[in-house]
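Enquirer: Here is the input, now give the coordinates:
(one chain, ligands or ions: 1)
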Amino acid sequence: MGRMLSVAAARLGFRCHIYEPGAQPPAGDVAHAVTCAGYDDAEALIAFAKAVDVVTFEFENIPTAALDIIEAHAPIRPGREALRVSQDRLIEKQFLQDLGLRVAPFADVSDAATLDQALAQIGAPAILKTRRFGYDGKGQARLHSPDDAASALADMAGSPAILEGFVDFTHEVSVIAARSPSGEVACFDPGENLHTNGILHSTTVPARLSPAQRTDAILLAANILNALDYCGVLGVELFVTPAGLVVNEIAPRVHNSGHWTQNGCAVDQFEQHIRAIAGWPLGDGSRHSDVVMENLIGDDMNKVPQIAAEKGAALHLYGKADIKPGRKMGHVNRVKHH
Ligand code: AMP
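Expert: Have a look, this model is predicted:
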C-alpha cells in the first residue's frame, strides 16, 4: 500500500520518503528516498522526520515511542487519536458504541474467569480476538460452544482479548471515506467484501444495499471521521443484517477493500489520501464503472500471465520478493464500463 500511495503522490508532483524496518520495501522502488531502520532507531527517525513535510502510515502498529519522536519534528496524519482507537479492539468497540453505532456484543477477556463471565453474558457461538495486532483473521478463535473456551484462550497466548458475539450477517460491505483538514468529507461507493479464511478475497461494486442502507453506511462513516477529527482515508468494515448495519472495525489508512477505486473512479483512495494529508481539496471519487477487485494471494501469482491477457482486467502487482502462502502479492480490477 505504501507503494501505491507513493505512486499517487508522485502523480501529483510530490516526493515520498519511505521509512521501513524491513529490507527492500516494495514502496522503495517507486519513492524518492528510502530509510531502512528500526522503529527503535531514534537517530534515523529524527533524520527522517526532519526531511519531510508530513508523515503518514499504512500500518497501524507503529510503536508509540517512535511516533513521539517523529511528531516532535513533523505532523502525523491521520492523528494519534485515530491510531489509539483503532489499535485496540476494546477501545474501538467502546468508541463506536459511544457514537451510537451498532457493534457486536463484546466483553473484555484477560483470563479463564473473565472468559467464563463473557460467555455467560454473550453466549455461543462467539469469536475471541486479541485486542491488539490482529489482521487477516490472525489472533482470532471461534467458539462454537462454551466447551471451546480453554482452547480459544490458549490461542490468545496470554494476550488481552475481547469476546465478540457472532453477528448473523447476510453479507459484508465497507466504506472507504476521506476527510481533509478543513473538515471536507468524501466517501467512495460502498463495496461488498468476500472473505476466505479471514482474508479478503474480493470486493464488488456496487454492493448489494438498499438506498437507505447505502445512505446509512456513508453517514456513519462520516460520523466516525468527524468524531476523530480525522485527516486522510479511513476504511469502515460493516456487517449487513436484517436489523441494520453493524460496524465490525475501522482501519485508519487506505484499505484493501478500496483498491477497486483505482479503476472505478477518477480519483482513487490513494490519491484521495495524499490530497487530504497535503491539505488539498478532496478529488472526485464518484464511481464511473462497476468493478470486481480480486486479491492475488500466494500461488494466485501463477494466474498472472492469463490475467495479463484478459480483456477489461487491470493488474496491480506489488513487487514483493517472495511468494508465501496467504501473502498478498497483487490484485486485479475487472472493470465493466457503463
Ligand atoms: P476482523 O479481523 O475482525 O475483520 O474479522 C475477519 C472476518 O471474520 C470478518 O470480515 C468476518 O467475516 C468474520 N468476523 C469477525 N468478527 C465477527 C463477528 N463478531 N461475527 C461474525 N463474523 C465475524
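
Enquirer: Which residues of the stretch 51-200 of the chain lie near the ligand?
Expert: Within the stretch 51-200 of the chain, the residues that sit near the ligand (CB under 6 Å from any ligand atom) are 104, 127, 134, 137, 164, 166-167, 172, 195, 198. Every residue, glycine included, has its C-beta placed from N, CA and C.

Enquirer: which one in those residues is the model shakiest on?
Expert: Looking at these, model confidence by pLDDT dips furthest at residue 137: 75.

Enquirer: among the residues of the stretch 51-200 of the chain next to the ligand, which ones are buried?
Expert: Buried positions within those, assessed by neighbour count (16 or more other CB atoms under 10 Å), are 104, 127, 134, 164, 166-167, 172.

Enquirer: Adding secondary structure and distance to residue 84, write the residues of the stretch 51-200 of the chain next to the ligand out as a markdown table.
Expert: Converted to a markdown table, these look like this (DSSP: H, G, I helix; E, B strand; the rest coil; distance: CB to CB, whole Å):
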| residue | secondary structure | distance to residue 84 |
| --- | --- | --- |
| 104 | coil | 21 |
| 127 | strand | 23 |
| 134 | coil | 16 |
| 137 | coil | 23 |
| 164 | strand | 20 |
| 166 | coil | 27 |
| 167 | coil | 25 |
| 172 | strand | 25 |
| 195 | strand | 26 |
| 198 | coil | 24 |
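
Enquirer: Which one of those residues is nearest to residue 206?
Expert: Minimum distance to residue 206 across those is 14.5 Å, recorded for residue 172 (CB to CB).

Enquirer: residues touching the closest one, list them.
Expert: Each residue near residue 172 by CB atoms under 8 Å, 6 or more residues apart in numbering is listed here: 192-195, 237-240, 248.

Enquirer: just the helices in the stretch 1-150 of the chain please.
Expert: Listed in chain order, the helices of the stretch 1-150 of the chain (DSSP state H, counting those that start in this stretch) span residues 2-11, 42-51, 64-71, 80-87, 89-98, 112-122, 149-155.

Enquirer: Out of the ones you listed, flag the one nearest residue 292.
Expert: Each of the helices of the stretch 1-150 of the chain was scored for nearness to residue 292 using CB to CB, and the closest is helix 2-11 (18.4 Å).

Enquirer: which residues are contacting the closest one?
Expert: Where contact means CB under 8 Å, 6+ apart, the residues beyond helix 2-11 that reach it are 15-16, 18, 20, 25-27, 29-31, 56, 58, 254, 259, 262, 268, 270-271, 273-274, 316, 318-319.

Enquirer: Kindly report the same for stretch 207-221.
Expert: With contact meaning CB under 8 Å, 6+ apart, stretch 207-221 is reached by 101, 171, 173, 175, 177, 187, 189-192, 234, 236, 238, 240, 244-245, 247.

Enquirer: Only the buried subset of those residues, as a PyMOL command please.
Expert: Of those, the buried ones go into a single PyMOL selection, burial set by 16+ other CB under 10 Å:
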select buried, resi 101+173+175+177+187+189+190+191+192+234+236+238+240+245+247
